[in-house]
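> starting from these lines, generate the structure:
(chains A and B)
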Amino acid sequence: MKSIVLSSVVTALLVFSGCSSKEPAVDTNAQKAPVEEVQAVETETVSTQNSMVDSTTNDTATTISELESKLPTVYFAFDKYNITPEMQAKIDEAAELGKSEKAKSINVKLEGNCDEWGSDEYNFALGLKRAQAVKNALVADGIDASRISMVSYGESNPVCTEHTKECWAKNRRVNFKLLP
Amino acid sequence: MKILFSLLIFVSFVFAGDATIEVIKKADTIPSIAVEDSSDSYDETFKRKFFRSLVADLNVLSIFNVDRHHTRADYNEDKVVFSNKEMDYVLRYRLIDEDSDGLSLEMKLLHKNENIYSKSYHVSKKEIYMFVSHAIAYDINEFMGQPSVAWMKRKVVFSRIVAPMKSEIVISDYTLTYQHVVLKGGFNIFPKWASRSQKAFYYTDLSNNKPTLKRINITNGQIKSIVASDGMIVCSDVNDDGTKLLLTMARNGQPDIYSFNTTTNKYKRLTTYSGIDVNGQFFGNNKIVFISSRLGYPNVFSKNLKTNEVEQLVYYGRSNSACSAHGNYVVYKARETSNAFSQNTFNLHLISTNTDFIRRLTATGVNEFPRFSKDGDAIIFIKNYKGQSAIGIIRLNYNKNYLFPLKYGRLQSMDW
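Have a look, this model is predicted:
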């Protein structure tokens, strides 16, 4: 009896010692996937005129990132650049913010984007028409047109890269970027 | 019953696809060629690389059945190697190592054991060996009296996206074997050769506040800003002598086509539709071909710049969003499915303004950004499939497509 128990314990020990510990596999896919940039970093390069960072500059930078976090992203349907009623409500809110005391001296750049279907000029133009649609809505809400500039990035500035319909929907958008 | 059955079979054979029979016939009638390597210099790896490049180039010519076996032979031997005895042609070459970095080569084309054509080559850097292989294939093609493949010797310039809002502009040969990154960092897209000599190219710089069209001289690295435009700016086409450009600009957020004179630096608006007008291409005298959404969806139109008359060119499909023109031909990209929720298929089609002729050039996947070669013999395009980008080349006269994959990044646009 004792010898059976002893031999089974020994066998068990041998079996368990044979199991190697797994090393974390290096995900080679991660190297191929584009690095996602944190958008907010770009707004920190403020005040090219003043090399001294004084307290007022700091305030502007804080205000800008604070305001930007309150601004919406406007989404669009496949191959379209018209504003839907839900998106219109978001733009109305953004316009109110733009007219407030804190924000009224700040300019905005509207960035138009598309999903991954097509890198040709037409896609860039579609992104631009989306930015233009948002601009028209802001102007209709009382924002001065001279405060608004636009750019289109086509499909070159995705927020996600999975080939799924959810990801494509997230990329068909216009972003608000505040300029000091 | 039996009679009916055999009659039906007989009828089905009569209507069997003619196209397939014709293709098989064609393969039988093109001559065979083998390649013999007589090189003594260089290590095996380099010799094999060169051999593979040469065999691939001969294959792309589409005028030979190319035997891919690597055989060695004495350069001065009169007869071909025994295993190549049945071949119609044998290309025998010898790589010669120079004392410096350079590479020399001599080759001869043998037909029935007779030397019918020979030539020598030299490049100053061994790294650009593939251009020697392209030159050999070009010369043999010319010798055989076939339509010119001058595009094979030309450089391709392309932009690839490496991360959101980050790109590289690269110069390569048509197979992407040679690659030289010319512009790194920043966000530069839509490169376009400035002239036939390929010494400079235009591109769009999006890294600053306003999209700017710039021109870079690749011999000295000098960069010049040409014109800036809020919204977007792209150089869509350059005329033959490089004095006129067709630009897509979006002043006031309105994308339209402009002509730009590089001598006077003046531009002129060519389209006035309030929607999208992009991708202008010079087309014959005083005409342009372009993409417009004036019918509610992107389609291909031509405009006579003297009379301002606009003509619809394609009456098929619901989304034709990119084009390139040469002679009487226009190649365009057609979306063949309209699914917001799954993979879409985009194929390239070819039309002629002389006839009602329309031909589909690709079959599956996402095929976009077509560009005619300067001689009109081939079309280069981008194929994106399962996350990998490739450059595709279509030989129009032979109805054959070739793909050259990109190792990393996503192809945004290119020119040759």
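> you'd agree B:Val289 is up against B:Val278?
No - in this structure, B:Val289 is not within contact of B:Val278 by CB atoms under 8 Å, at 11.6 Å. All C-beta atoms are positioned from the backbone trio N, CA, C, and that covers glycine.
> looking at those two, which is more packed in?
B:Val278 (29 against 24; other CB atoms under 10 Å in any protein chain shown).
> run a quick neighbour tally on the nearest residue to that one once chain neighbours are set aside.
The spatial neighbour of B:Val278 that comes closest, neighbours along the chain excluded (CB to CB, 6 or more residues apart in numbering or on different chains), is A:Glu121 at 4.0 Å. A:Glu121 has 28 neighbours, counted by other CB under 10 Å.
> residues touching A:Glu121, list them.
B:190, B:232, B:234, B:236, B:248, B:278-279, B:291, B:322 (CB atoms under 8 Å, 6 or more residues apart in numbering or on different chains).
> all helices of chain A, in order?
A:2-18, A:28-32, A:55-70, A:85-99, A:121-140, A:165-171 (DSSP state H).
> same list (the contacts of A:Glu121) but as a markdown table, adding secondary structure and pLDDT.
Formatted as a markdown table, the contacts of A:Glu121 follow (DSSP: H, G, I helix; E, B strand; the rest coil; pLDDT from 0 to 100):
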| residue | secondary structure | pLDDT |
| --- | --- | --- |
| B:Phe190 | strand | 96 |
| B:Met232 | coil | 93 |
| B:Val234 | strand | 96 |
| B:Ser236 | strand | 96 |
| B:Thr248 | strand | 97 |
| B:Val278 | strand | 96 |
| B:Asn279 | strand | 96 |
| B:Ile291 | strand | 96 |
| B:Ala322 | strand | 94 |
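> surely A:Lys70 and A:Gly98 touch.
No - with contact defined as CB under 8 Å, A:Lys70 does not reach A:Gly98; the gap is 10.6 Å.
> which stretches in the stretch 201-350 of chain B count as strands?
In the stretch 201-350 of chain B, the strands defined using DSSP state E, counting those that start in this stretch lie at B:212-217, B:223-228, B:233-238, B:244-249, B:256-261, B:266-269, B:277-282, B:287-292, B:299-304, B:310-312, B:320-326, B:329-335, B:346-352.
> A:Lys70 and A:Gly98: which is more packed in?
A:Gly98 (24 against 11).
> so does stretch A:68-78 get close to chain B?
Yes - counting by CB under 8 Å from any CB of the partner chain, chain B has neighbours in stretch A:68-78: A:77-78.
> now do that stretch: distance from first to last residue.
26 Å (CA to CA, to the nearest Å).
> residues in contact with it: which ones?
A:40, A:43, A:82-84, A:87, A:90-91, A:93-94, A:97, A:115, A:130, A:134, A:168-170, A:172-178, B:340.
> same thing with stretch B:124-131?
Applying CB under 8 Å, 6+ apart, the contact partners of stretch B:124-131 are B:46, B:49-50, B:53, B:100-103, B:123, B:153, B:173, B:175, B:177-178.
> next step: the residues you listed restricted to strands.
If you go by DSSP state E, the contacts of stretch B:124-131 have B:103, B:123 in strands.
> and which of the contacts of stretch B:124-131 is nearest to B:Leu305?
Checking the contacts of stretch B:124-131 against B:Leu305 by CB to CB gives B:Lys153 as the nearest, at 33.1 Å.
> could you verify my assumption that that closest one touches B:Ile136?
No - contact criterion CB under 8 Å: B:Lys153 and B:Ile136 do not qualify, at 10.3 Å.
> these two: who's more crowded?
B:Ile136 (22 against 14).
> by contact count, what packs against the helix or strand hosting B:Leu411?
Following DSSP states H and E, one finds B:Leu411 within strand B:410-415. Contacts defined by 3 or more CB pairs under 8 Å, 6 or more residues apart in numbering or on different chains; DSSP states H and E place strand B:410-415 against strand B:156-163, strand B:188-193, strand B:366-372, strand B:378-385, strand B:388-395.
> list the contacts for the nearest residue to B:Gln343 once chain neighbours are set aside?
Leaving aside its chain neighbours, B:Gln343 sits nearest to A:His163 (7.2 Å; criterion: CB to CB, 6+ apart). With contact taken as CB under 8 Å, 6+ apart, A:His163 is in contact with A:116, B:343, B:387.
> near chain B, which residues of chain A?
A:32, A:34-37, A:77-79, A:109, A:117-126, A:128-129, A:131-132, A:135, A:149-154, A:156-159, A:163, A:165, A:168, A:179.
> can you select the buried ones among the residues you listed for me in PyMOL?
If you want just the buried ones from those in PyMOL, going by 16 or more other CB atoms under 10 Å in any protein chain shown, the selection is:
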select buried, chain A and resi 34+78+79+109+117+118+119+120+121+122+123+124+125+126+128+129+131+132+135+149+150+151+152+153+154+156+157+158+168
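> where in chain A is the helix or strand with the lowest mean pLDDT?
Among the helical and strand segments of chain A, the one scoring lowest on mean pLDDT, DSSP states H and E is helix A:28-32, with a mean of 38.
> what's across from the nearest residue to A:Ala131 once chain neighbours are set aside in the sheet?
Ranked by CB to CB, 6+ apart and with sequence neighbours excluded, the top spatial neighbour of A:Ala131 is A:Gly112, at 3.6 Å. Judged by DSSP bridges, the bridge partners of A:Gly112 are A:Ser152, A:Val174.
> contacts only, for A:Gly112.
A:Gly112 touches A:126-132, A:150-153, A:174, counting by CB under 8 Å, 6+ apart.
> low-scoring stretches of chain A, by residue?
A:1, A:7-60, A:118 (pLDDT under 70).
> distance of A:Met87 from B:Val278?
Relative to B:Val278, A:Met87 is positioned 25 Å away (CB to CB, to the nearest Å).
> and for A:Gly142?
For A:Gly142, the distance to B:Val278 - CB to CB - is 32 Å.
> just B:Lys306 next, same as before
22 Å.
> residues of the stretch 101-250 of chain B that sit close to chain A?
Within reach of chain A by CB under 8 Å from any CB, the stretch 101-250 of chain B has these residues: B:161-167, B:187, B:189-190, B:206, B:209-211, B:230-232, B:234, B:236, B:248, B:250.
> from those, list the buried ones, please.
Buried among those by 16+ other CB under 10 Å: B:161, B:164-167, B:187, B:189-190, B:206, B:211, B:230-232, B:234, B:236, B:248, B:250.
> any figure for the gap between the nearest residue to A:Ile91 once chain neighbours are set aside and A:Ile148?
Closest residue to A:Ile91 apart from its sequence neighbours, by CB to CB, 6+ apart: A:Ala137 at 4.6 Å. From A:Ala137 across to A:Ile148, the span is 11 Å (CB to CB).
> the two - which one has more neighbours?
A:Ile148 (23 against 19).
> who's in contact with the more buried one?
A:107-110, A:135, A:138-139.
> one more pass at 10 Å, please.
For A:Ile148, the contacting residues are A:98, A:107-110, A:131-132, A:134-136, A:138-139, A:176, A:179, B:230, B:253, by CB atoms under 10 Å, 6 or more residues apart in numbering or on different chains.
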